[in-house]
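Asker: I'd like to go over a predicted model; first the sequence, then the structure.
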Amino acid sequence: MTLPLRGSLLAMCILGAFGDLAMTTPAAAQEPQCYSALIAPERSPEIPESADLYGWLVGNWELEVYDHLPDGTVRRGKGEVHFWWVLEGRAVQDVWIMPARSERTASLGKAGNRYGTTLRVWDPSIEAWRVTWINPVTGVRDELIGRRSGKDLVQLGTHSDATPIRWSFTEITPNSFRWLGESLSPDGRTWKLEAEFHARRMPVSEQ
């Protein structure tokens, strides 16, 4: 497995623990233990191969970002996302970063700003994946259930305000995918596009 840049991995360790790392020792001393405790080299044998929806994502991706705003305009930008098997291979975790780290500044506002993590855990009791997204920048937390739908991966759930949402991985190839984030209109009839990401796997030379 090719690991991404050190900074993203440390960020994932911090976010992935959903708690504070001990502050009594230097961060540099904590990092190797965090890596080995969190990252797994492969899927757990407890997850059937047929149920492995997300393993193909492991690695590093660059993003073209399109946020569809309520006034009908589209905010464009760039981002990055990194995926790993974690927790002895029982889950897939990621870090989504928008704008990309190379474009982030101290004065960056909250609009379109994402530096968050998703944890995807296989639940054999429902034969699906439980998906939790947290973006500490804005305080957003979303809960979804992920399943395969034809050639796509579809995750259904709700925003924190109970608005139904549908997040989909579509147009999947070994080195690219399109991600769609939609919410259900108040009349319950129409899915409205909120965000769209076009992803390309990073060449090893760029990681």
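Answerer: Thanks, I have the structure now. Residues are numbered from 1 along each chain as shown.

Asker: distance between stretch 87-105 and the chain's centre?
Answerer: 6 Å (CA atoms, centre = their mean, to the nearest Å).

Asker: List the strands paired with the lengthiest strand in the chain, with their directions.
Answerer: As assigned by DSSP state E, the longest strand anywhere in the chain is strand 74-86. Strand pairing for strand 74-86, determined by DSSP bridges: strand 39-40 (antiparallel), strand 59-68 (antiparallel), strand 91-98 (antiparallel).

Asker: Can you give me the buried ones in that strand?
Answerer: By 16 or more other CB atoms under 10 Å, the buried positions in strand 74-86 come out as Gly77, Gly79, Glu80, Val81, His82, Phe83, Trp84, Trp85, Val86. For glycine as for every other residue, the C-beta is placed from the backbone atoms N, C-alpha and C.

Asker: Now Glu127: closest residue in space that isn't a chain neighbour?
Answerer: Distances taken as CB to CB, 6 or more residues apart in numbering place Ala51 nearest to Glu127, at 7.1 Å, with adjacent residues excluded.

Asker: what's the pLDDT at the one you found?
Answerer: On the pLDDT scale, Ala51 is placed at 97.

Asker: Settle this for me: it is touching Trp122, isn't it.
Answerer: Yes. Contact status for Ala51 versus Trp122: in contact at 6.1 Å, counting by CB atoms under 8 Å.

Asker: could you dump the strands paired with strand 74-86 to JSON lines with distance to Glu182, mean neighbour count and mean pLDDT?
Answerer: Output for the strands paired with strand 74-86, formatted as JSON lines (distance: least, CB to CB, whole Å; neighbours: other CB atoms under 10 Å; pLDDT from 0 to 100):
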{"stretch": "strand 39-40", "distance to Glu182": "31", "mean neighbour count": "19", "mean pLDDT": "95"}
{"stretch": "strand 59-68", "distance to Glu182": "9", "mean neighbour count": "18", "mean pLDDT": "97"}
{"stretch": "strand 91-98", "distance to Glu182": "17", "mean neighbour count": "24", "mean pLDDT": "97"}
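
Asker: Turn the ones you listed into TSV, including distance to Ala199.
Answerer: Shown next, in TSV, are the strands paired with strand 74-86 (distance: least, CB to CB, whole Å):
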stretch	distance to Ala199
strand 39-40	21
strand 59-68	4
strand 91-98	10
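
Asker: just the strands in the protein please.
Answerer: In the chain, strands defined by DSSP E lie at 39-40, 59-68, 74-86, 91-98, 114-123, 128-135, 140-149, 152-158, 164-173, 176-184, 191-201, listed in chain order.

Asker: Turn those strands into TSV, including distance to Glu46.
Answerer: Converted to TSV, the strands of the chain look like this (distance: least, CB to CB, whole Å):
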stretch	distance to Glu46
strand 39-40	12
strand 59-68	22
strand 74-86	12
strand 91-98	11
strand 114-123	8
strand 128-135	13
strand 140-149	17
strand 152-158	20
strand 164-173	23
strand 176-184	26
strand 191-201	27
